[in-house]
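Enquirer: Fold the stuff below for me.
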Amino acid sequence: MKSEENKTEEKKKPSLFSETRISKNYKSTLTHGSIPSSSQISRDKPTDEEWFQVWGETMDDLEEMAIVKIMVGGKPTDYIIRGTEDFKEEVKNQFRKVRMVRMAYYVTSNQRLGLWPVSIPIENKDGTINPYIATANEIIEQGQHEWVKKITNRGNSYYEGYKAKPEDQQIFGKPNFRVDYEEAVVRAFDKFFITVDSVETDPHVRQALGSSLNLKSIQEAEENKFTKKKK
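Expert: Predicted coordinates:
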C-alpha cells in the first residue's frame, strides 16, 4: 500500500495544463488513409485535403499556450513552455521570440488525430491581423460544430474555409476524440517541453539559448534613452 505521504504528493502533482496555460495578461513581448493508432498524434495542421472537427464547444475550451521554435535535427520544432508563471516569464525573456497559440485538437474524417497550434490574433502596428492567423481562427471555431477543411491560398496569404455538404456531415458522423485533450498534448509533444529540467538537460534547448552578446550599439542606445529621460 502507498503511504499517506505518497498519496498526498500524487494529489499535489500539477496537471499539464496548469503548467502550460498562459494568463490573459501574458504577452509574447519582452518584460523589462490507414487509421493511425491512438499514440500517433501529429503536431501539425490538417492537410488541405482533410475534413476535420475540433475539440470543444467554444474557443475558450482550447488551451492557450506559449511556444518557441527550436532546431532539432536541422528542422524548426515547436516546444511548449511548461512551468510556473515566473518560469514561463523567464523563458519568454530568454528566447525573445515566443508565439502565443490556441492548441486546436482535431480529428479527421478518417480518424487521424492531430494538434494544430493556431496563433492567437494580435494586431500589428498598423492595426491589421495576419490573414493566415485570422482565417485559421475562424476555421477552427467553425470546426467545433461541423466538419470543415481549410485550403491554403498562398497567392493571397490566407486560408479558405469550407464545410462538408449535409449528406457528408452525416456520413462522417460525430467526431471520435478517442484520446483525452490533455493526454493528446502529452503524447504529441512528448519530450518537446521547455521545463526547469529540460533547460539543463535537453541539448537542443541549451543550444538554442546560447549566450547573449554584449553589443556596443545596444548599450549606447540604452544609455541615450536614460540620458534623455534624465533631461
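Enquirer: SS state for Glu89?
Expert: Three-state call for Glu89 (DSSP: H, G, I helix; E, B strand; the rest coil): helix.
Enquirer: Could you report the pLDDT at Tyr79?
Expert: Looking at Tyr79, its pLDDT stands at 95.
Enquirer: sorry, that was for Trp147
Expert: Reading off the confidence values, Trp147 has pLDDT 98.
Enquirer: Which residue is the nearest non-sequential neighbour of it?
Expert: Closest residue in space to Trp147, ignoring its immediate chain neighbours: Ala164 at 4.1 Å, by Cβ to Cβ, 6 or more residues apart in numbering. Quick note: C-beta positions are derived from backbone N, CA and C, even for glycine.
Enquirer: Give me the distance between Thr128 and Ala134.
Expert: 9 Å (Cβ to Cβ, to the nearest Å).
Enquirer: ok, the two, which is more surrounded?
Expert: Neighbour totals were compared for Thr128 and Ala134, and Ala134 leads with 15 against 9 (other Cβ atoms under 10 Å).
Enquirer: Name the helix or strand for the more buried one, please.
Expert: Assigned by DSSP states H and E, Ala134 belongs to helix 131-142.
Enquirer: same deal with Arg187?
Expert: Following DSSP H and E, one finds Arg187 within helix 181-189.
Enquirer: any idea how far the strand or helix carrying Asp78 is from the chain center?
Expert: Per DSSP H and E, Asp78 falls inside strand 75-81. How far strand 75-81 lies from its chain's middle: 9 Å, per Cα atoms, centre = their mean, to the nearest Å.
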